[in-house]
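Asks: 3D, please:
(one chain, ligands or ions: 1)
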Amino acid sequence: MRLPEKFEDRMKKMLGDEYDDFIKSMDETPIFTGIRINTSKVGAKDAVIKEFGELQNVSWCSDGFYADKSKISGNHPYHLAGLFYFQEPSAMSTVSALNIESDDYVLDLCAAPGGKATQAGAFISKNGLLVANEIVKNRANILSDNIDRFGLTNAVVTNETPQKLAEKYVHFFDKIIVDAPCSGEGMFRKEPQAVDEWSVEHTVSCGVRQKHILDCAMKMLKGGGYIVYSTCTFAPEENEQVCAYMLENYNVELVEPNNLDMLSKGRGEWSNSDYDMSKTRRIFPHKNNGEGHFVALFHSLDNYESEVSKPKKTSMTDAEKVYRQFEKEFLNTELDGEFCLFGEQLYLKPKCIDVDKIKVVRNGLNLGIYRKNRFEPSYALCLALKKEDFKNTVDFECDSEELKKYLMGNTVECDKKGWCAVTVNGYPIGWGKASNGILKNHFPKYLRLKR
Ligand SMILES: C[S@@+](CC[C@H](N)C(=O)[O-])C[C@H]1O[C@@H](n2cnc3c(N)ncnc32)[C@H](O)[C@@H]1O
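Replies: Numbers count the residues shown, from 1 in each chain. The predicted model follows:
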């Protein structure tokens, strides 16, 4: 692989005797790819292993496995049913480091396409909250689709700048993920275009941008809260030196990240400061089975109280009444939350957060379309429920011809009546509406298989 001369010179200086192994790994070590199991779906790990055979575990993420991407397709029914997410193994370390509790309020500030947000969201119950933010609009839409596919309920997707969020949510979050935009040196092996875009100036400007994003994150962090900061680059201007900036400017300490003992420690001498960096972690492809990555966990030593007021309760709307009717007829579960209508889309929004004046892509769980006093349930609702939550289900095996027909958008035979969840080995994958022995297809058009 042709690498920029200045990058090689810097890595030589950084790594000394290890440099030869490092540079060999840039060409010779196979590229690492993996899948991460959706822990919010009961039994998903066993189902995936039964389907694909034993997979090698990623040592820093108990739900992550090495997997050959050419052998597991994104069109596999278990992927469409949200049982797993394709994720580069090193990227799984960021959320592993954080130890999320079910009632935490978590913000993922740079969240698209959603690897870390879906990993974090799977730990959060209805008493917690995930806000996944992405600054680029079309990437925010992809993020929202991935959150829907994972069946996450108490999750809001926003499309804002970090500053705008920081003005509104002062000391609101228990835990914040800053998986920062970076110079991507750790992706050189996977994405050769990252090599073309590389320059010393770029690494420096990425460092400056990361400090700004972390300044915003600090405004939103509760006293005593945690920020996990990660990048996929080797550049010290973005890693240790950004950590030194945090220690210099804020009342925070670096703490040992959870689950990452097996990784290399960051280095104080790369930080241009006297700060100890031994609690930060680095992944190098010549030392670990993963692409280049950096992780640091900060703990706030402040004791600020949240300055954010809770939203007012809204009264029951006609849309909610129609939804409740649908729920009574077709579900065995009663959803708890506040309802809100965005155009014709009905959402069940988390009770604890006000999104007034914030650009929102997904205000909680999209329940479906409310139109002319009728309700049509969404794919997101189907994937957020369990098989036992539906009154009507029709179940298929992964390799069944009937399931394939359904995923291609065709009708299938069904002896039920009304809205019915199609499930694959018990995992909901989409809706159909049954009458006269036929299930009319409501699998989303954008996901339908071509063949
Ligand atoms: C490393 S990627 C995030 C990957 C994501 N966390 C995941 O696991 O799928 C960084 C993201 O930051 C976004 N970004 C770029 N500039 C930004 C800025 N100034 N503030 C916040 N986010 C930014 C990019 O659009 C990109 O989606």
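
Asks: can I assume S230 sits in a helix?
Replies: No: per DSSP: H, G, I helix; E, B strand; the rest coil, S230 lies outside any helix segment and is strand.

Asks: identify the bridge partners of it.
Replies: Under the criterion DSSP bridges, S230 forms beta bridges with D179, V295.

Asks: my guess is it contacts L297, does it?
Replies: No: with contact defined as CB atoms under 8 Å, S230 and L297 do not form a contacting pair (9.6 Å). Placement of C-beta: from N, CA and C, glycine included.

Asks: what do these two both touch?
Replies: A97 (CB atoms under 8 Å, 6 or more residues apart in numbering).

Asks: and these two? Which one has more around it.
Replies: Counted by other CB atoms under 10 Å, S230 and L297 do not tie: S230 has more neighbours, with 28 against 25.

Asks: pretty sure K69 contacts I31?
Replies: No: with contact defined as CB under 8 Å, K69 does not count as touching I31 (9.2 Å).

Asks: tell me which residue lies nearest the centroid of this protein.
Replies: Geometric centre of the chain, nearest residue: A117, 2.3 Å, by CA atoms, centre = their mean.

Asks: name the helix or strand for it, please.
Replies: helix 115-121 (DSSP states H and E).

Asks: same question for that helix, mean pLDDT?
Replies: Mean pLDDT, helix 115-121: 98.

Asks: counting by contacts, list what it packs against.
Replies: Helices and strands touching helix 115-121, as assessed by 3 or more CB pairs under 8 Å, 6 or more residues apart in numbering; DSSP states H and E, comprise strand 34-37, strand 84-86, helix 93-96, strand 105-108, strand 129-133, helix 137-149, strand 173-179.

Asks: got any ranges where the chain has weak pLDDT?
Replies: The model of the chain has pLDDT under 70 over residues 313-316.

Asks: up against the ligand, what does it have?
Replies: Contact residues (CB under 6 Å from any ligand atom) of the chain with the ligand: 91, 110-116, 134-136, 139, 162, 179, 181, 209, 213.

Asks: all helices for the stretch 151-300 of the chain, in order.
Replies: Residue ranges of the helices in the stretch 151-300 of the chain, as given by DSSP state H, counting those that start in this stretch, are 162-168, 193-196, 200-220, 240-249.

Asks: any idea how far the last one is from the middle of the chain?
Replies: Averaging C-alpha coordinates over helix 240-249 and over its chain gives two centres that are 26 Å apart (CA atoms, centre = their mean, to the nearest Å).

Asks: so what does that helix touch, helix or strand wise?
Replies: Packing partners of helix 240-249 (3+ CB pairs under 8 Å, 6+ apart): helix 200-220, strand 221-231, strand 252-255.

Asks: could you rerun that using 10 Å?
Replies: When contacts are defined as 3 or more CB pairs under 10 Å, 6 or more residues apart in numbering; DSSP states H and E, helix 240-249 packs onto helix 200-220, strand 221-231, strand 252-255, strand 293-300.

Asks: and of these, who's closest to I283?
Replies: I283 lies closest, by CB to CB, to one member of those: strand 293-300, at 4.0 Å.

Asks: now the angle from the closest one to helix 200-220?
Replies: 30 degrees (axes from the mean of the first three to the mean of the last three CA atoms, to 10 degrees).
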